[in-house]
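Asker: Quick check, what structure comes out for this input:
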Amino acid sequence: MSVSALLRPTPEYRSADLLAAYLTGSFYFSSARGTLLADGVRARVRSTGGAWAPAAAEALAAAALAGLADPVVVGAVGFRPEAEAGLLVPAVVRRADAPTGPRAQVPEPGTGWRVRRRPGPAAYTDAVRRALELIDGAELRKVVLARCLELTAAAPVRVPALLARLVRTDPAAYAFAADVTAPGDPAPRTLVGASPELLVSRHGATVVANPLAGSAPRSGDDAVDRERIARLRSSVKDLGEHAYTAGRVAEVLGDRCARLDVPEAPEVIGTPTMWHLSTRITGRLRDPADPACSALGLAEALHPTPAVCGVPTAAARAAIADLESEDRGYYAGMVGWSGQGGDGEWAVTIRSAEVCDRTVRLFAGAGIVAGSDPDAELAETAAKFRTLLRALGLEDVA
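Answerer: You can find the predicted model right below:
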């Protein structure tokens, strides 16, 4: 190898460059921590026992041994325990700073769409009533029920353009696009979205999780929004729902951390479409070298949180399987990246859609607890659909 090759500087990129370079089939992930674009497949991560972190560690070690510098695992894992995962070690990884700039509305014309609601509004509110019966019978304390919109366009949906609109609308979101093509798909299938919720990140021995639970729609009117924020902060129902999620996340991380900082009360954070109760939990790992404490290992230990499943977890999973008419797929799963040293970042796959040719399938859910109102929960899911619908140039179809 020549001296000039050894001294060749590492290319520097801007976040906008990587967003513009994304093509369907690539992996894209951006957050306040930075932007990552991955291409090609060095190795696919295979797991026979349902635990992805050990399989990922083996794939990373093999890639490093073969000479790949600073290998990472990227991809997504579905909601169900037995769900498939699209995890791989990419051949090329480019990194840049975090997306910047003010939020901007950049809709695409929303003409020529066919909309199917799965289930319809009446069937969804009926499922909420059935969930409330389970809660009244002490079988559950909380369950998150989701519904699906299946949109069909007149022409194939351009995923790079959709991703760009999501990032520019909310640069602070955990934006992602991951190839999740499965056998039998007529075209590439992409999981794309802009999640407000950090499942877990790790940098050295420091870990951060930011569970969200308890929500209200954003109105765009300052006076109305101030009222909604105040109501959210004092809502017994929403604070109780949030406590289930924050408590569970703190329990899981507390088992692995020598120190854990959990705020006494949640704060309210906003996205372009919603207000959320938020608790930012930080900790310092007891043993960063433990493979189970890699970013992916921690994400697996946390998944699914009560924010997307319920309490107790097993009973909530059973209720979801019984009450929801559509398989969630990658919705309410996790998406992100992990490096060989254990660092990484994983987001909860909400405000997301699976795009395949002309079809877009998106989900939104609401947390059902004692005192929930079925019509209010339906309205909450409609508000949460707006992130993707606005990016598609649609609005009042949920």
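Asker: Please, where are all the strands along the stretch 1-150 of the chain?
Answerer: 27-31, 34-39, 43-44, 72-77, 85-89, 92-96, 114-118, 142-152 (DSSP state E, counting those that start in this stretch).
Asker: any chance of these in a markdown table, plus distance to residue 346 and mean neighbour count?
Answerer: C-betas here are computed from N, CA, C, even on glycine. As requested, the strands of the stretch 1-150 of the chain are arranged in a markdown table below (distance: least, CB to CB, whole Å; neighbours: other CB atoms under 10 Å):
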| stretch | distance to residue 346 | mean neighbour count |
| --- | --- | --- |
| strand 27-31 | 9 | 25 |
| strand 34-39 | 12 | 22 |
| strand 43-44 | 18 | 16 |
| strand 72-77 | 9 | 26 |
| strand 85-89 | 11 | 23 |
| strand 92-96 | 16 | 17 |
| strand 114-118 | 27 | 13 |
| strand 142-152 | 18 | 23 |
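Asker: Export those strands as TSV, with columns for mean pLDDT and distance to residue 370.
Answerer: Listed next are those as TSV, based on pLDDT from 0 to 100; distance: least, CB to CB, whole Å:
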stretch	mean pLDDT	distance to residue 370
strand 27-31	98	35
strand 34-39	98	41
strand 43-44	96	44
strand 72-77	98	31
strand 85-89	94	34
strand 92-96	97	46
strand 114-118	96	27
strand 142-152	97	9
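Asker: Setting aside sequence neighbours, what's the nearest residue to residue 259?
Answerer: Of all residues not flanking residue 259 in the chain, residue 284 sits nearest, at 4.6 Å (CB to CB, 6 or more residues apart in numbering).
Asker: Show me what that neighbour is bridged to.
Answerer: residue 206, residue 259 (DSSP bridges).
Asker: Surely it touches residue 206?
Answerer: Yes: at 6.1 Å, residue 284 and residue 206 qualify as touching, with contact defined as CB atoms under 8 Å.
Asker: contacting residues around the closest residue to residue 99 other than its chain neighbours?
Answerer: When the adjacent residues along the chain are set aside, residue 99 lies closest to residue 171, with 3.9 Å between them (CB to CB, 6+ apart). If a contact means CB atoms under 8 Å, 6 or more residues apart in numbering, then residue 171 has 30, 98-101, 103 as its contacts.
Asker: just residue 124 next, same as before
Answerer: By CB under 8 Å, 6+ apart, the residues touching residue 124 are 145, 147, 374, 378, 381.
Asker: For residue 42, see how far away it is.
Answerer: Look at residue 124 and residue 42: by CB to CB, to the nearest Å, they are 43 Å apart.
Asker: so where is the protein shaky, pLDDT-wise?
Answerer: Counting by pLDDT under 70, the chain contains low-confidence ranges at 1-10, 48-49, 102-111.
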